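> Quick one, structure for this:
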Amino acid sequence: MNSSGGRQFWDAEITLTQAAAQLRDPALMTAPYDSDPLDLTVFVSCYNESEYIIPTIETVIDAARAAGLRHEILVIDDGSRDNSRQLVADYIASHPAENVVLRANRFNKGLAQNYMDGAFLGRGKYYRLICGDNAEPRESILAVFKAIGQADIIIPYYTSSEGKGLRRRLISSTYTAIVNLMTGNRLHYYNGLAVHLRYNVMRWHPNTRGFGFQADILCLLMDLGFSYLEVPIITVEQRRGGSNALTLRNFLSVGHTLVEIANRRISNRVYRRKG
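Just a heads-up that it's a prediction; the model follows:
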C-alpha cells in the first residue's frame, strides 16, 4: 500500500525477498556499502506508542538533520492495539518531504525479528534502532549520530537513566558484568541501541530472537574484529509505570543469549587452538 510522501509496507515479506535477492548480486557482495544511497536507516519500533511515536519521529529527524546525515526512518508497527499506526500514516501524508516509511505487521513479531526485518528493508549504510517511547533526548541521539563513521560500531551507554528504577539498574549492571566476564570485553552497557553497518546486521544477524539480541550481535561482531566506539548519553523514561522489560520471556531470552555467547567463546578457543 502506497501513500504520498512516503512508503508503507503492510507485512511486506515480498520486499524482504527482493532485498535478499539483491544481496546475492556479485557487485553488491564485492562492495556492499558503495551503492547505499543513504547514510543511515533508523528503525523506530512501535507497539502501542500513540502518546510518544510522533515526538520520537520528530526528534530523530531533527537530530539526523543536525548531524548532516542523509537518512530514512523506518517505523515498524508491531500489531499495535491503539491508533499508533494511523498516527504514523497521517504524519507521512502530512509531511511529504520527510523520508518516513511505515510497515504494519498483521501480528506481533517481537522487537528482535522486526530489527532483523528492518535491516533488509532499509537503504542506509548504517543502521540504528530507536524505541518509539521517546526515551532518548535529542542531544543523546545527536551525540550518537555525530559519532557515525568513527568506527564500525557506535555503542551508547547511559550516564544517567532518569525514571529507571533501582532494580532495573542493578539487573543491567549485573548483566553487563556477566557478559564482560564471559567475553573479556570491557563495555559499559550492552543494550544501548548501537549503530551498526547495516550490511553487518544482515550478514551476521544473531540467532537470539528476544531481549538479549543486542548483546549477542555486539559480542559476535567484536569477536570478528570490527572496531567500536562507546558514546556516553542520557535517557529519560517517559512511559508511566516504567518499562515492561522485566518479564519471564525477557529473562529466558537473556539466558539464551548468555548460552549463545558462551558456546561461541568455547568454539572460538577450540578452533584457534587447532589452527
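> any weak-confidence spans in the protein?
Regions of the chain meeting the criterion pLDDT under 70 cover residues 1-36, 163, 208-209, 239-251, 253, 268-275.
> Tell me where it has helices.
Applying DSSP state H to the chain gives helices spanning 13-23, 26-30, 53-66, 84-94, 111-121, 138-147, 166-183, 198-203, 213-223, 248-274.
> Just put the ones you listed in a markdown table and tack on mean neighbour count and distance to residue 160.
(Glycine included, C-beta is placed from N, CA and C.) Converted to a markdown table, the helices of the chain look like this (neighbours: other CB atoms under 10 Å; distance: least, CB to CB, whole Å):
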| stretch | mean neighbour count | distance to residue 160 |
| --- | --- | --- |
| helix 13-23 | 12 | 38 |
| helix 26-30 | 10 | 41 |
| helix 53-66 | 19 | 17 |
| helix 84-94 | 19 | 28 |
| helix 111-121 | 22 | 24 |
| helix 138-147 | 19 | 10 |
| helix 166-183 | 14 | 11 |
| helix 198-203 | 20 | 28 |
| helix 213-223 | 23 | 20 |
| helix 248-274 | 14 | 23 |
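> any chance of these in JSON lines, with distance to residue 158 too?
Conversion of these to JSON lines gives the following (distance: least, CB to CB, whole Å):
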{"stretch": "helix 13-23", "distance to residue 158": "32"}
{"stretch": "helix 26-30", "distance to residue 158": "36"}
{"stretch": "helix 53-66", "distance to residue 158": "17"}
{"stretch": "helix 84-94", "distance to residue 158": "25"}
{"stretch": "helix 111-121", "distance to residue 158": "18"}
{"stretch": "helix 138-147", "distance to residue 158": "9"}
{"stretch": "helix 166-183", "distance to residue 158": "9"}
{"stretch": "helix 198-203", "distance to residue 158": "22"}
{"stretch": "helix 213-223", "distance to residue 158": "14"}
{"stretch": "helix 248-274", "distance to residue 158": "18"}
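> I'd like to know which of the ones you listed lies nearest to residue 236.
Checking the helices of the chain against residue 236 by CB to CB gives helix 138-147 as the closest, at 8.9 Å.
> packing partners for that closest one?
The contact analysis (3 or more CB pairs under 8 Å, 6 or more residues apart in numbering; DSSP states H and E) places helix 138-147 against helix 53-66, strand 153-162, strand 228-236.
> residue contacts, the residue nearest to residue 107 when sequence neighbours are not counted?
In space, and not counting its chain neighbours, residue 107 is closest to residue 79: 5.3 Å by CB to CB, 6 or more residues apart in numbering. By CB atoms under 8 Å, 6 or more residues apart in numbering, the residues touching residue 79 are 47, 105-109.
> Filter those residues down to the buried ones, ChimeraX style.
Listed next is the ChimeraX selection for buried residues among the contacts of residue 79, using 16 or more other CB atoms under 10 Å:
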select :47,105,109
